[in-house]
Structure formats: structure tokens, C-alpha cells
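Undergrad: Would you be able to build a 3D model of this:
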Amino acid sequence: MMIPSPIRYSQGYSFLVTYSLIAANVVVYAALLVGGDPLYAVLAQTGSDFFAGAYWQVVTAMFVHFDILHIAFNMYALYYFGRLNEIAYSRGEYLAIYFGAGLLGNALSLVLIPSDVATGGASGAIFGLIGSYAARNRNLASMVLALMYAAFIFVASSGPGVNIYAHLFGIVGGFGLGLVFTRMKGEEE
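TA: Residues are numbered from 1 along each chain as shown. Sure, this is the predicted structure:
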């Protein structure tokens with residue numbers, strides 16, 4: 001089967017981490033709708049604010065979404081690839097992949113994006129999940145699926161405020177962490 005189903009691999013499995021991350025993203029999005037521009041200025045990432053001391057932005061920007069389509073695409077991808085990763089990795093490994101890939105993408109983009117441009121989105125962390133899925137399932141069908149989906153998200157989510165460097169470094173970081181965790185368990189395929 002070309003498109004794997006998370007449910008096929010684990011009947012009755014609890015997807016606590018995936019659902020918690022989705023809930024956190026939705027709560028932050030709702031807060032941003034109420035708080036508007038002042039809250040976006042605090043939570044979205046800008047190089048000028050980060051280097052002036054707003055170090056939290058590399059984390060909070062992973063929960064900032066700029067419109068309904070942005071969060072909808074990201075939450076669907078998190079729902080899909082999150083469940084696949086939650087089956088394949090321990091909760092600690094899954095969270096390390098999610099936040100490690102997201103932080104790597106956001107941190108490296110600080111020097112690649114103009115310092116006055118606000119960025120946000122869970123895409124870097126989600127690209128990390130796509131990368132770790134590909135690392136765990138290194139077969140042609142999985143790699144093609146991961147690359148096709150990554151290309152789709154990359155094109156669909158490009159635009160103002162979207163951090164494409166977070167996408168790129170997120171997938172690289174997720175693939176690297178996925179390889180490390182897979183090898184640590186001795187699950188070479």
C-alpha cells in the first residue's frame with residue numbers, strides 16, 4: 001500500500017502526544033485571533049527581536065499560524081505524520097524529533113531570513129516528522145510518499161510569514177534524529 005495508515009499498525013493505540021500538540025497549536029491560534037498583532041509580535045519569530053533578548057520566539061513560533069489555511073494544512077499533516085511517528089518512536093523520541101527539528105529550522109533561519117520578517121508555523125517540526133518517518137522506513141514507497149508530501153506542503157504553505165528554511169532544516173533534522181533513534185534501537189532495515 002502506497003499510503004500507510006497509522007491505525008493499520010496499532011489498533012487501540014493512544015496518540016496522546018499528537019493530539020496534545022494539535023490542541024496546543026489550536027489554543028495558540030485562538031489566542032492569536034483574540035490578541036491580534038500585539039500577541040503576534042511577542043510569539044512570532046523575528047531575528048531583530050530574538051537577538052534583542054526574545055529568545056523564547058524560536059519555540060513559540062512553532063505554534064504561531066497566520067491564517068486558517070496555514071493551521072489547517074499543518075494540523076492535518078501533524079495528525080497524519082504525528083500518529084505514524086508516535087507508533088514508531090517512544091514518546092520521548094517523538095518529542096525530541098518534533099522540537100529538535102523545529103528548533104533547528106527556526107534557529108538556522110534566524111541568520112537566513114531578514115531580521116525584520118516575522119515567521120511562524122509548525123511546519124518545521126512537522127517536516128521533522130516527515131524526515132523521521134522516511135528515516136525509519138527507508139524503502140522506495142516511504143521515501144516517495146515523504147518527498148511528495150513534503151513538496152506539497154512546501155508549495156502549499158509558501159507565502160508571507162512562512163519560514164521555508166524551517167521546512168528545509170526541519171526535514172533534515174528529523175531525518176537525522178530518526179536515523180539516530182532507529183540505530184540506537186538496532187532497528188536497521
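
Undergrad: Shouldn't residue 35 be within a strand?
TA: No. Secondary structure assignment (DSSP: H, G, I helix; E, B strand; the rest coil) places residue 35 in helix, not in a strand.

Undergrad: Next one: it relative to residue 43, how far apart?
TA: Separation of residue 35 from residue 43 (C-beta to C-beta, to the nearest Å): 9 Å. C-beta: built from backbone N, CA, C; applies to glycine.

Undergrad: These two - which one has more neighbours?
TA: residue 43 (22 against 14; other C-beta atoms under 10 Å).

Undergrad: what secondary structure does the residue nearest to that one when sequence neighbours are not counted sit in?
TA: For residue 43, ignoring the flanking residues on the chain, the nearest one in space by C-beta to C-beta, 6 or more residues apart in numbering is residue 60 at 4.3 Å. Look at residue 60: counting by three-state DSSP, its state is helix.

Undergrad: Determine the number of other residues adjacent to residue 60.
TA: Around residue 60 there are 16 other residues, counting by other C-beta under 10 Å.

Undergrad: One more: residue 178?
TA: A count of nearby residues for residue 178, using other C-beta under 10 Å, gives 27.

Undergrad: other SSEs contacting the strand or helix carrying it?
TA: Secondary-structure assignment from DSSP states H and E places residue 178 in helix 164-184. For helix 164-184, the elements it packs on are helix 91-109, helix 123-136, helix 140-156, judged by 3 or more C-beta pairs under 8 Å, 6 or more residues apart in numbering; DSSP states H and E.

Undergrad: Tell me what angle the second one forms with helix 91-109.
TA: With axes from the mean of the first three to the mean of the last three C-alpha atoms, to 10 degrees defining the directions, helix 123-136 sits at 120 degrees from helix 91-109.

Undergrad: Now do the contacts for the residue nearest to residue 43.
TA: Contact criterion C-beta atoms under 8 Å, 6 or more residues apart in numbering gives 28, 42, 43, 44, 45 as the residues in contact with residue 60.

Undergrad: Low-confidence regions, the protein specifically.
TA: Judged against pLDDT under 70, the low-scoring parts of the chain cover residues 1-12, 139-140, 142-143, 146, 149-150, 152-162, 187-189.
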